[in-house]
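K.L.:
Predicted coordinates and the sequence they were generated for:
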Number of protein chains: 2
Amino acid sequence: MAKMTIPKPGKPVRGSKSGKPIMALIDLMGRRWILRILWELRGDALTFRGLQEACGGLSPSVLNARLAELREAALIETTADGYALTPMGRELGTEFEALTHWAEKWAKGLK
Amino acid sequence: MAKMTIPKPGKPVRGSKSGKPIMALIDLMGRRWILRILWELRGDALTFRGLQEACGGLSPSVLNARLAELREAALIETTADGYALTPMGRELGTEFEALTHWAEKWAKGLK
DNA sequence: TCTTTTTGCTACTGAAAACGTAGCAACAGG
DNA sequence: CCTGTTGCTACGTTTTCAGTAGCAAAAAGA
């Protein structure tokens, strides 16, 4: 499996050469499992296998790749208890959690 | 190319069978180009080809698939001027734009 | 009216990413 | 030791994405 480059602000990413931070974020968030992982780590730290289970049993190879990307992006870190959000990652997670509200409204509107 | 099911709140989606709206959102946002399309439509409406160009020339087949998903999710609609965000889509777009701030901080923190 | 463009989209082939399973080395109890 | 857990790699299959070509319908000239 060819290695996907890790999106970083200031550098060209998939779909944009501008180097704008938002484009790096779009690239990162547009990858499968990234959001889910942040979501599952919103509470306590989780081990590799715990995270895998929480995500419904995604393949370890993909999980490992995503973890590397998130680590490189300084959004998660490994602690004694397993994987956990960094302060920056927690901030992003919190911002994203705000979308739960919106999602509820969205669900109602679709019915 | 096997058709990917369209994520909707209340139904099982890729990675989760709970039917929770947030999981449908995670599935949707985790697909490549979805966020970018919402981003590019934050201003005026764009035609199919205009959107394609704005996204750096993504393939029309993928664009069309993503547009179908976004339409089904009631986040975009076709108007006389082309594709545009629905009120609900605009709301999501606005929430996402708030992340621009965060992304700037993130970029600084990584340097 | 008769070309040209433009637009929205489909078809097809190849490349890349994700899935699913198996398994191994390191460590932790017991 | 023996057993179980943990983090992770390998690898073949399936799914998704990319890239190009092109067509029917509508619009725009001439």
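P.N.:
Thanks, I have it.
K.L.:
tell me which parts of chain A are close to DNA strand C?
P.N.:
Proximity of chain A to DNA strand C, by CB under 7 Å from any atom of the strand, involves residues A:1-4, A:31-33, A:57-62, A:65. For glycine as for every other residue, the C-beta is placed from the backbone atoms N, C-alpha and C.
K.L.:
which residues does residue A:33 contact?
P.N.:
By CB atoms under 8 Å, 6 or more residues apart in numbering or on different chains, the contact list for residue A:33 reads A:55, A:58, A:62, A:63, A:66, B:15, B:30.
K.L.:
Check what pLDDT the closest residue to DNA strand C within chain A gets.
P.N.:
Nearest residue of chain A to DNA strand C, counting by CB to the nearest atom of the strand: residue A:59, 3.0 Å away. pLDDT, residue A:59: 97.
K.L.:
which of the residues of chain A next to DNA strand C sit farthest apart?
P.N.:
A:2 and A:57 (24.1 Å; CB to CB).
K.L.:
So which of these two has more stuff around it?
P.N.:
Legend: neighbour count by other CB atoms under 10 Å in any protein chain shown for residue A:2 and residue A:57, higher for residue A:57 (10 against 4).
K.L.:
Validate this expectation: that one resides in a helix.
P.N.:
No: Residue A:57 sits outside any helix when classified using DSSP: H, G, I helix; E, B strand; the rest coil, being coil.
K.L.:
where's it relative to residue A:84, distance?
P.N.:
Distance, residue A:57 to residue A:84, using CB to CB, to the nearest Å: 21 Å.
K.L.:
Could you pull up the contacting residues of the spatially most central residue of chain A?
P.N.:
Nearest residue to the geometric centre of chain A (CA atoms, centre = their mean): residue A:34, 3.0 Å. Applying CB under 8 Å, 6+ apart, we find residue A:34 in contact with A:28, A:66, A:69, A:70, B:30.
K.L.:
run the last query once more with 6 Å
P.N.:
The neighbourhood of residue A:34, defined by CB atoms under 6 Å, 6 or more residues apart in numbering or on different chains, consists of A:28, A:66.
K.L.:
where does it fall, phi/psi-wise?
P.N.:
phi -60, psi -50 (degrees, to the nearest 10).
K.L.:
Residues of chain A that sit close to chain B?
P.N.:
Residues of chain A lying close to chain B (CB under 6 Å from any CB of the partner chain) are A:9, A:15, A:21-22, A:25-26, A:29-30, A:32, A:35-36, A:56, A:88, A:95, A:99-100, A:102-104, A:107, A:109-110.
K.L.:
Now, these that are in helices?
P.N.:
Per DSSP state H, helices hold the following members of those: A:21-22, A:25-26, A:29, A:35-36, A:88, A:95, A:99-100, A:102-104, A:107, A:109-110.
K.L.:
May I see the ChimeraX selection of the buried members of the residues you listed?
P.N.:
The ChimeraX selection below is limited to those of those classed as buried (16 or more other CB atoms under 10 Å in any protein chain shown):
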select /A:21,22,25,26,29,35,36,88,99,102,103,107
